[in-house]
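Asks: What follows is a predicted protein model with its sequence.
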Amino acid sequence: MSEQKKTIEKKKGWWTRIPNTYVILFLLVCVAAALTWILPAGEFTREAMEGVGRPAVVPGSYHAVEAAHTGLFDIFKAIPQGFVSSANIIAIIMLSTGAFTVVNKTGALENGVGVLLKKVNKGNVPGTLVICTGNYCWTGNSDSIYDCRRFNRVGTWI
């Protein structure tokens with residue numbers, strides 16, 4: 001019986017020994033907190049530049065500042081504070097994932113593309129692909145929330 005257990009344990013892949021995602025995240029927060037005690041603190045001067053729309057770093061302006069060391073209690077506050085500061089992005093990701101799941105489970109996207117293939121030149125796949133890709137690119141660029149429209153256009157056409 002013990003030989004069978006050893007054989008089963010040997011057959012398990014490396015991915016079964018990976019710790020949970022939250023353990024990895026907590027360890028990264030601990031490493032970042034420890035680095036606040038090791039690395040010297042500093043910052044660059046920023047100034048508003050014409051045409052950029054946000055403050056830009058001035059080259060060669062790095063200077064040391066007073067260190068803000070992270071304490072033990074700050075480690076446990078880091079993840080909830082990150083959730084609060086990123087709540088709008090988290091909400092958008094959750095809503096878009098939910099919407100895509102509904103579309104995927106109902107088969108609406110596959111059926112729509114199938115109907116489009118039948119309607120456009122009786123199965124002209126390259127032409128339909130260009131039409132679908134262009135439509136996704138246009139809809140992604142027409143109502144973007146953040147300044148990622150230029151990347152959306154390139155990523156969609158790739």
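Replies: Received, thanks.
Asks: hang on, W138 is in a helix, isn't it?
Replies: Yes: per DSSP: H, G, I helix; E, B strand; the rest coil, W138 lies within a helix segment.
Asks: now it: how far from A64?
Replies: The gap separating W138 from A64 is 49 Å, by C-beta to C-beta, to the nearest Å. The C-beta positions use only the backbone N, C-alpha and C, and glycine is treated the same way.
Asks: which residues are contacting whatever helix or strand F76 lives in?
Replies: Following DSSP states H and E, one finds F76 within helix 72-85. Residues from elsewhere that reach helix 72-85 (C-beta atoms under 8 Å, 6 or more residues apart in numbering): 25-26, 29-30, 32-33, 70, 90.
Asks: Let me have these in CSV, extended by neighbour count, pLDDT and secondary structure.
Replies: Formatted as CSV, the contacts of helix 72-85 follow (neighbours: other C-beta atoms under 10 Å; pLDDT from 0 to 100; DSSP: H, G, I helix; E, B strand; the rest coil):
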residue, neighbour count, pLDDT, secondary structure
L25, 13, 88, helix
F26, 16, 89, helix
V29, 18, 91, helix
C30, 14, 92, helix
A32, 12, 92, helix
A33, 16, 92, helix
T70, 18, 88, coil
I90, 13, 91, helix
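Asks: Looking at K6 now. What's its pLDDT?
Replies: Looking at K6, its pLDDT reads 60.
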